[in-house]
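**Student:** Here is the input, now give the coordinates:
(chains A and B)
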Amino acid sequence: MERIYHELSRKVHPDRFASSAVAVRDASLRATALLTRSYRTLRDPIARGLYWLELHGEKLAENNKHVPPDLAELVFDVQEHLAELRDVVGNGDSFNKLATQVSEKRTEVQALMDEGLGELERNFARWDTSKAAQESMLKLELKAILSKIAYLRTLLRDVDRALEGSQAA
Amino acid sequence: MANIFGIDLGTTNSLIAAMENGAPKVIAERDSGATLLPSVVAIAPDGAVTVGERAIELEPHLTVERDGRVSAVGFPGGEYGAVIRSVKRYMGLGGNEVAAEDRARYTFADLSGPVVRFQIGKRSFTPSQISAEILRALKERAESSLENEKVERVVITVPAYFNDGQRQATKDAGRLAGLEVIRLVNEPTAASLAYGLNKMATGNVAVYDFGGGTFDISILSIKEGIFEVLATNGDTHLGGDDIDNAIVDWLLSELPETVKRDRHVWNSARMAAEDAKKRLTEASETRIVVELPGHTVKKNLTRAALDEIAGPFVARTLNRCELALKDAKLSAREIDAIVLVGGSTRMPIVRKRVATMFQREPLCSIDPDQVVALGAAVQASVLMGTQGDMLLLDVVPLSLGIETMGGIMERLIHRNTTIPTSITEGFTTAVDNQTHVDVHVLQGERELAKDCRSLARFKLGPIQPQPAGVPRIDVAFLIDANGILNVNARDQRTGREHSIDVKPSYGLTDDEIERMLEEAIDLGEQDLEERLLISARNDAEQILGALQKQLGEFGNLVEAGERAQIVETAGRLEAARKGTDREFIAKLVEELNEITTPFAERIMDAAIKLALEKKSVEELA
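**Tutor:** The predicted structure follows:
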């Protein structure tokens, strides 16, 4: 995919048309903008999944704030640790101790994330071979996987921010 | 086709470069052989402009005015003008963004407006106008050195972290200098081009740019001539100046606070500190002597002591490098080459720490003061189509978004997204029969709109009165290859394009630029009307030439009726450009652009199809 993206960029990028008429330069700009956006969407499995859902008439917010039920316990646990961590910023020893615990939790979340990404890949693969009748089922499954992943991603970002913010402090 | 030149419009120095026998070369001043043009502009009360070394010579005439401002300089005749340094720091700033220390340094006109204006005598000048004088001086320098060449089309470099307003201000400066700015290129990206790293088939490059006032890091991936920026990071308030100030603190540590705070004491010490820092690039120990009124400070500074003083600042740059690597999803070991840019990278401790972090010696064979300008010249030749398959894919440094309910910034385009890029966002009404929707465009990484920088505001409408939520207007946000935002709106129901009047929060409007062009400080020999006519004729010539080439190359993509219409309009333009009615010429150029738009889009589609077909054939084989 990267090879094709590069090849197409070589064909349509505005830098190739610096001395062309304005209409051609504008067309090249629009074509390249579409190209980079397509590449970015296809390259990232989550963006790709969301786009696929959109093509099938479902829109899912990219930042999911609703906790999927089976994650509730873990989320609660992680958020609690994060709150404690924020309370001791600047307090060297207790901070480091808590930061280690949070890092362990992070590993747990990351493992779930990797699992989710695996499920996503398997779901994608099944679209290729499925019959039309199975599509609505696949779509429901895809939606559930993506909600979970989107949530985990937000959670990971929160954890990283808390750990980073502390380094700076 | 006229040559395209590369310009490094720097905070301290500016340079102009071009390709010479396939290699980039900085164009030196004909008589002195100087390559760096100090970015210093002196403006006399009558508007006479002096740039570079000669402007610096006027500086000792600096006079403190009665209100304590050090803005003015006594020109012969005893009147006041001003010498302006580091104008780049003011590019794209709104009046309210000028720091207190700067307010003491220059006299500004009304600071409540969307653009900073320096007050000099009875007139005021925007940073773009001052920068235009530096560009004009570079243009003159190159034209006198190269004799038979005209500098009309240029590539200008900007710091990677420059926001939309700062980029726009830089483009405006080019326009005010009578130059066509073909492209703005990020400085670190340009630097990577200068080293000819395209010869490296594949690899990752880090560009470490540590200047006087700012730090910038960019991570690029190179694959068969494609330079793709993966991530950039930086600190706009971290540079060699901070190290100088830390040396001053050490130097004056025994003096009482009241003495240290004295402006003259501080300035003398700062100059001595900077000199000592430079000497310690070669020497291992140096003596610093600062003559103060009634007291002389004498101290020895060793390289080791300097390393200790500079250490924390270097550590902060390395932190930024780690963040950029993380965004690029690479580890330090995966970087195959490190390019050094900026004067502060001459310090041995910087080189040592960078080498330790990346476990590799950084590249430094090209003068760090010249590397950006040389890279700009390489990009200029890419734009002229003389660099084969080489292509630069840069990113936008800051996220772009809109203000939503509750003053939250909703990100539409994330930072480090490859440009050009676009996103279309649907807007609708919140109450019944609402006829306008207000849109506030922001740039920045913070969660709240008030903490981000306001780019522009515009009103969508008029919208036909309908129940809330029914109308739908699609707004396309497009960031071009220069990192500059363009906005377009379309009513989804009627399919009609809305013309939207985008009011930039900062910066100049097109009308203001026109007016400045008219009031140009130095009109030269040609009068305005004549210059505008020449510019219109050039546009006509350019579109006619390009069109002829495209009709030849892609003739099969033109429909019969379309061809007749194009040929007819082109014929009229051909005739008009020999006349002197510039408005008529401009009108026909626009008309020709409009009717060739479908043709242009077919050319792009064909290019894409061709590439994809070739690919699938290759894959089958």
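
**Student:** element containing residue 142, please.
**Tutor:** No chain was given, so I picked chain A. Assigned by DSSP states H and E, A:L142 belongs to helix A:135-168.

**Student:** meant chain B actually
**Tutor:** helix B:127-146.

**Student:** Going by neighbour count, list what's buried in that helix.
**Tutor:** For helix B:127-146, a neighbour-count test (16 or more other Cβ atoms under 10 Å in any protein chain shown) marks B:127-139, B:141-143, B:146 as buried. In short, each C-beta sits where N, CA and C put it, glycine included.

**Student:** ok, back up a step: which of the residues in the helix holding A:L142 are buried?
**Tutor:** Neighbour counts over helix A:135-168 (16+ other Cβ under 10 Å) mark A:138-139, A:141-143, A:145-153, A:155-156, A:159, A:162, A:166 as buried.

**Student:** Figure out how far stretch B:260-271 is from the centre of its chain.
**Tutor:** 32 Å (Cα atoms, centre = their mean, to the nearest Å).

**Student:** Buried ones in that stretch, by neighbour count?
**Tutor:** B:K260, B:V265, B:S268, B:A269, B:R270.

**Student:** ok, which residues in chain A are in contact with chain B?
**Tutor:** Taking Cβ under 8 Å from any Cβ of the partner chain as the contact definition, chain A meets chain B at A:2, A:4, A:6-16, A:18-24, A:26-37, A:39-40.

**Student:** Select only the buried ones of the residues you listed in PyMOL?
**Tutor:** A single PyMOL command selects the buried members of those (16+ other Cβ under 10 Å):
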select buried, chain A and resi 6+7+8+9+10+11+12+13+14+15+16+18+19+20+21+22+23+24+26+27+28+29+30+31+32+33+34+35+36+37+39+40
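
**Student:** Could you check the angle the longest helix along chain A makes with helix A:135-168?
**Tutor:** Among the segments of chain A that qualify as a helix by DSSP state H, the longest is helix A:92-129. Helix A:92-129 and helix A:135-168 are oriented at 160 degrees to each other (axes from the mean of the first three to the mean of the last three Cα atoms, to 10 degrees).

**Student:** And the contacts of the strand or helix carrying B:A377?
**Tutor:** According to DSSP H and E, B:A377 maps onto helix B:371-383. For helix B:371-383, the external contacting residues (Cβ atoms under 8 Å, 6 or more residues apart in numbering or on different chains) are A:15, A:18-19, B:3-8, B:10, B:15-19, B:24-26, B:154-157, B:182-183, B:185, B:187, B:189-195, B:339, B:341, B:366, B:387, B:390-392.

**Student:** which parts of that helix are buried?
**Tutor:** Buried residues in helix B:371-383, counted by 16+ other Cβ under 10 Å: B:371-383.

**Student:** give me phi/psi at B:A611?
**Tutor:** Main-chain dihedrals, B:A611, degrees, to the nearest 10: phi -60, psi -40.

**Student:** how about stretch A:85-101: buried residues?
**Tutor:** A:L85, A:V88, A:F95, A:L98, A:A99.

**Student:** Look up how far A:F76 lies from the third one.
**Tutor:** Right, the one you point to is A:F95. 22 Å (Cβ to Cβ, to the nearest Å).

**Student:** Within its sheet, name the partner strands of the next helix or strand after the helix holding B:A377 and how each one runs.
**Tutor:** Going down the chain from helix B:371-383, the next helix or strand is strand B:391-393, by DSSP H and E. Strand B:391-393 has its sheet partners listed here by DSSP bridges as strand B:226-235 (parallel).

**Student:** Quick one: distance of the partner strand to the chain centre.
**Tutor:** The chain centre lies 15 Å from the centre of strand B:226-235; the measure is Cα atoms, centre = their mean.

**Student:** doesn't B:K587 make contact with B:D539?
**Tutor:** No: assessed by Cβ atoms under 8 Å, B:D539 is found out of contact with B:K587, at 11.4 Å.

**Student:** Who has more neighbours out of the two?
**Tutor:** B:D539 (22 against 14; other Cβ atoms under 10 Å in any protein chain shown).

**Student:** Sticking with B:L323, tell me its helix or strand.
**Tutor:** helix B:303-328.

**Student:** Tell me the one among the buried residues of helix B:371-383 nearest to chain A.
**Tutor:** Nearest to chain A among the buried residues of helix B:371-383 is B:L383, at 4.0 Å by Cβ to the nearest Cβ.

**Student:** got the residues of the stretch 451-600 of chain B near chain A?
**Tutor:** The stretch 451-600 of chain B comes close to chain A at residues B:478-481, B:542-543, B:546-547, B:550, B:592-594, B:596-597, B:599-600, as judged by Cβ under 8 Å from any Cβ.

**Student:** Specify the beta-bridge partners of the spatially most central residue of chain B.
**Tutor:** Centroid-nearest residue in chain B, with Cα atoms, centre = their mean: B:V158, separated by 2.8 Å. Judged by DSSP bridges, the bridge partners of B:V158 are B:N186.
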